[in-house]
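Student: Build me a model from this:
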Amino acid sequence: MATEPTPDPPRAAADLARRVYAASHLTGTFVLRSGATSSEYFDKYRFESDPRLLRELAEAMAGLLPEGADGLAGLELGGVPLATVLSQLTGLPAGFVRKQAKPYGTRRLAEGFDVAGRRLVVVEDVVTSAGAVVEAVGALRSEGAEVAVAVCVIDREAGGPANLAGIGVELRPLFTMTQLKDAGTR
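Tutor: Reported below is the predicted structural model:
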């Protein structure tokens with residue numbers, strides 16, 4: 001199956017892509033959450049721990065948010081800093097979605113606000129097969145949230161958008177892996 005070429009991002013986005021690539025691209029042997037092995041890896045903590053880069057990413061991601069969203073659902077762990085800064089920039093409240101509820105305290109899967117009746121946007125850092133996003137969407141929907149859009153910094157182009165489309169969620173990535181690799185080699 002032929003794929004269409006990835007369009008070049010505008011100049012400011014291309015500069016941001018180069019900086020994300022430079023900060024986070026690693027080579028070696030890596031096992032991904034999906035179980036797949038990769039010879040390259042984007043270490044999200046390297047771009048999320050840089051306050052300037054994190055803010056610029058959140059500013060760019062704000063343009064990906066759909067109209068009518070009631071809140072942001074940042075996925076543990078990498079989606080939390082992104083959702084927090086996006087919340088600061090947009091005024092949308094941020095909640096935080098655990099991988100599993102803790103057996104103590106509030107024992108909630110989603111922390112920060114009640115999700116029932118809210119139109120939430122899931123916020124993630126890197127999406128490969130979208131397994132974590134699919135699980136989180138299922139959990140949020142079971143608690144009464146509406147989820148139709150997920151945003152991320154990097155789509156690794158490994159089936160995530162199709163897997164999310166299968167549950168009625170559109171993935172809106174800031175960058176694809178192809179765009180980052182192209183930016184990093186220019």
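
Student: just the helices in the protein please.
Tutor: Along the chain, the segments classed as helices by DSSP state H run 11-24, 44-48, 51-62, 79-90, 131-142, 160-165, 177-184.

Student: Among these, which comes closest to residue 112?
Tutor: helix 79-90 (9.1 Å; CB to CB). Quick note: C-beta positions are derived from backbone N, CA and C, even for glycine.

Student: could I get the closest one in CSV with only the CA atoms?
Tutor: Provided in CSV are the C-alpha atoms of helix 79-90 (Å, rounded to 0.1, in the frame of the first residue of the first chain):
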residue,chain,number,x,y,z
GLY,A,79,0.6,13.4,29.1
VAL,A,80,0.5,15.1,32.5
PRO,A,81,3.0,17.9,32.0
LEU,A,82,1.6,18.5,28.5
ALA,A,83,-2.0,18.7,29.8
THR,A,84,-0.9,21.0,32.7
VAL,A,85,0.8,23.5,30.4
LEU,A,86,-2.0,23.3,27.9
SER,A,87,-4.4,24.0,30.7
GLN,A,88,-2.4,27.1,31.7
LEU,A,89,-2.4,28.3,28.1
THR,A,90,-6.1,27.6,27.2
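
Student: how far out from the middle of the chain is that helix?
Tutor: 11 Å (CA atoms, centre = their mean, to the nearest Å).

Student: what does stretch 78-91 give?
Tutor: On CA atoms, centre = their mean, the centre of stretch 78-91 falls 11 Å from that of its chain.

Student: name the helices or strands packed onto the worst-scoring helix or strand of the chain on mean pLDDT?
Tutor: Sorting the helices and strands of the chain by mean pLDDT, DSSP states H and E puts strand 110-111 at the bottom, at a mean of 90. With contacts taken as 3 or more CB pairs under 8 Å, 6 or more residues apart in numbering; DSSP states H and E, strand 110-111 sits against strand 94-97.

Student: give me the low-pLDDT residue ranges for the protein?
Tutor: 1-10 (pLDDT under 70).

Student: rewinding a little: so which of the helices of the chain is the most packed in?
Tutor: Mean neighbours per residue, mean count of other CB atoms under 10 Å, is largest over the helices of the chain for helix 79-90, with a mean of 21.

Student: got the angle for that helix vs helix 51-62?
Tutor: 70 degrees (axes from the mean of the first three to the mean of the last three CA atoms, to 10 degrees).

Student: And the contacts of helix 79-90?
Tutor: 48, 54-55, 57-59, 61-62, 65, 72-74, 92-97, 122-125, 153 (CB atoms under 8 Å, 6 or more residues apart in numbering).
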